[in-house]
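J.: predicted model and sequence follow; I will ask about them next.
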Amino acid sequence: MKTSQRFMDIVCCEHSPGMRCEFCGRIHFGVDDEEYDELSEKQDKEPDKYIGHHDENGIAWGYIDGKIYVWNCPCDLAYRYEQWIWNNRNLICEYLKRRTKEALKQAEADAEMVEETINAPESSRRIIVS
Ligand SMILES: [Zn+2]
């Protein structure tokens, strides 16, 4: 299988003249890369390491799990993440629901405390240290 266009569009929101995929080490470059000619020569010698995007100005990329993933990289490691998210969607949704609910409850308590502090007479204001 292959990473879906949908997932790559969501992940790869950054653009640069060239970029290295941190999952596999491949160097991707477009025609606007300052080293385009040099990289094209390297691609002739090592076509699996240097990936020229000869009809594109820039390279789309983004972060997955803190590492740079380049759009449509042959390593296709985004597929593993996409499948993990989809296969665990019920667990992920339940976790997000509970965590968001807890965060909202805490934010409301914080807002109430701030409101009470602002509206209290100056002589009775507490100094809150945490
Ligand atoms: Zn890669």
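T.: Yes, it's here.
J.: okay, and the beta partners of the residue most central in space within the chain?
T.: In the chain, the centroid-proximal residue (C-alpha atoms, centre = their mean) is Tyr63; its distance is 3.5 Å. Beta-bridge pairing for Tyr63 (DSSP bridges): Ile68.
J.: assign the residue lying closest to Lys67 once chain neighbours are set aside to helix, strand or coil.
T.: In this structure, Lys67 finds its nearest non-sequential neighbour in Glu22, 4.1 Å apart by C-beta to C-beta, 6 or more residues apart in numbering. Where C-beta positions appear, they are placed from N, C-alpha and C, glycine not excepted. Of the three states, Glu22 takes coil under DSSP: H, G, I helix; E, B strand; the rest coil.
J.: ditto for His15
T.: When classified by three-state DSSP, His15 comes out as strand.
J.: tally of neighbours for the nearest residue to it once chain neighbours are set aside?
T.: Distance criterion C-beta to C-beta, 6+ apart; nearest residue to His15, sequence neighbours excluded, is Gly58 at 4.3 Å. Around Gly58 there are 18 other residues, counting by other C-beta atoms under 10 Å.
J.: backbone phi and psi for Gly58, please?
T.: Here is the backbone geometry of Gly58 (degrees, to the nearest 10): phi -130, psi 170.
J.: in which helix or strand does Pro47 reside?
T.: Using DSSP states H and E, Pro47 sits within no helix or strand.
J.: and it, how many neighbours does it have?
T.: 10.
J.: circling back: which ones are touching the residue nearest to His15?
T.: His15, Ser16, Pro17, Gly30, Asp32 (C-beta atoms under 8 Å, 6 or more residues apart in numbering).
J.: so the residue nearest to the centre of the chain touches Tyr69, yeah?
T.: Yes: counting by C-beta atoms under 8 Å, Tyr63 does reach Tyr69; the two are 7.1 Å apart.
J.: hmm, back to that, just the buried members of the contacts of Gly58?
T.: By neighbour count, with 16 or more other C-beta atoms under 10 Å, those hold His15, Ser16, Pro17, Gly30 as buried.
J.: if anything else comes up later, I'll come back, but that's it for now.
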